[in-house]
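J.: here is my input; please provide its structure:
(one chain, ligands or ions: 1)
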Amino acid sequence: MGSLLAALLELQSVESQLRQVRDRRRRRTRAAKVQQRAIEELRQSERQLQETLAQRQRQADSAALDVKAAEERISHFRSALNTAKTNKEYASILTQLNTVKADNAKREEEALQLMQNVEEATGELTELRQRIESEQSRLQDIETANAQEVEKLDGMIAELQERHDAAAENVPDTERRLFKRIADNYDGEAMAVVEQHGKKPPYEFVCGGCFMSINAEHVNALKVRDEVRRCDSCGRILYLESQTQSAPSET
Ligand SMILES: [Zn+2]
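T.: Okay, here's the model as predicted:
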């Protein structure tokens with residue numbers, strides 16, 4: 001196999017690995033960002049719930065004060081009953097006492113409901129804070145694991161970048177630029193193997209990148225010449241399966 005296609009295949013191999021590792025690094029750091037956003041949303045809910053709780057607390061406090069004031073009036077009427085001088089006065093005080101008592105029964109019920117609202121919000125807030133705490137510790141786990149993994153991936157990227165530079169030096173400028181352009185279009189996949197279909201001649205040849213038919217002329221040329229031949233459909237640089245066997249082995 002010719003040196004140009006061999007050099008391009010080596011470059012292709014390192015290019016793919018480099019992109020994969022960079023992808024892994026991106027996914028790694030993304031997980032922490034997603035988790036940070038989730039926590040920020042929970043904190044937002046916490047602030048809203050705190051406001052709700054404060055509002056409910058104020059309502060409950062004010063209802064409790066009303067109940068207390070009514071109780072004072074009831075006890076005032078009770079002592080007035082004891083000092084009533086006539087039956088008529090007694091009956092009048094008793095009527096007022098019963099009215100206040102009836103009103104206060106309703107008020108007490110409302111105050112109780114408001115207290116329950118406070119307790120409910122307090123419970124929700126406690127639960128939410130526990131959840132924030134556990135999500136926070138999950139974030140820490142992710143970040144700790146990330147730190148090790150990202151460091152490892154950075155090392156791999158640096159090493160692959162060196163190999164990439166070395167492999168690129170073996171490819172002439174024009175082909176190197178072409179390779180880069182195609183690689184950027186196809187997520188690093190600048191080259192495509194020629195697939196041979198059929199058991200006996202005439203074989204059908206298909207591009208391993210886009211699966212469209214390939215003119216046999218390309219295949220015949222590749223068998224004898226070391227040159228860049230591109231798929232007429234997708235533009236990837238073509239190579240034959242047999243050419244990979246003589247390509248430099250990966251280390
Ligand atoms: Zn193609």
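J.: look up how far the ion lies from G188.
T.: Distance, G188 to the ion, using CB to the ion, to the nearest Å: 15 Å. All C-beta atoms are positioned from the backbone trio N, CA, C, and that covers glycine.
J.: my guess is that residue contacts E15, does it?
T.: Yes: using CB atoms under 8 Å, G188 is in contact with E15, at 5.1 Å.
J.: so which of the two has more stuff around it?
T.: When neighbours are counted by other CB atoms under 10 Å, G188 and E15 differ, and E15 comes out ahead with 23 against 19.
J.: for whichever residue of the stretch 1-150 of the chain sits closest to the ion, which residues are in contact?
T.: For the stretch 1-150 of the chain and the ion, the shortest gap (CB to the ion) falls at Q12, measuring 14.5 Å. Contact partners of Q12, counting by CB atoms under 8 Å, 6 or more residues apart in numbering, are 179, 183, 189-191.
J.: and the pLDDT for the spatially most central residue of the chain?
T.: In the chain, the centroid-proximal residue (CA atoms, centre = their mean) is V34; its distance is 3.5 Å. Listed pLDDT for V34 reads 94.
J.: with K199 instead?
T.: 88.
J.: who in the stretch 1-150 of the chain is up against the ion?
T.: By CB under 5 Å from the ion, no residue of the stretch 1-150 of the chain approaches the ion.
J.: flag every buried residue along the longest strand seen in the chain.
T.: The longest strand of the chain (DSSP state E) is strand 191-197. Judged by neighbour count (16 or more other CB atoms under 10 Å), strand 191-197 contains these buried residues: 191-195.
J.: by neighbour count, which of the contacts of Q12 wins?
T.: Among the contacts of Q12, the one with the most neighbours (other CB under 10 Å) is M191, at 27 neighbours.
J.: can you tell me how far it is from R47?
T.: To R47, M191 is 55 Å away according to CB to CB, to the nearest Å.
J.: what does R22 give?
T.: Distance of R22 to R47, given as CB to CB: 38 Å.
J.: on that earlier part again, retrieve the pLDDT associated with the residue of the stretch 1-150 of the chain closest to the ion.
T.: Listed pLDDT for Q12 reads 97.
J.: over to it. Which of the three states is it?
T.: Local secondary structure at Q12 is given as helix here, using DSSP: H, G, I helix; E, B strand; the rest coil.
J.: surely Y239 is in a strand?
T.: Yes: per three-state DSSP, Y239 lies within a strand segment.
J.: contact partners for it?
T.: 5, 8-9, 191-194, 222.
J.: taking the contacts of Q12 together, which two end up most distant?
T.: With CB to CB as the measure, no two of the contacts of Q12 lie farther apart than F179 and E189, at 10.8 Å.
J.: which residue ranges of the protein form helices?
T.: 3-82, 87-169, 173-185, 216-224, 241-245 (DSSP state H).
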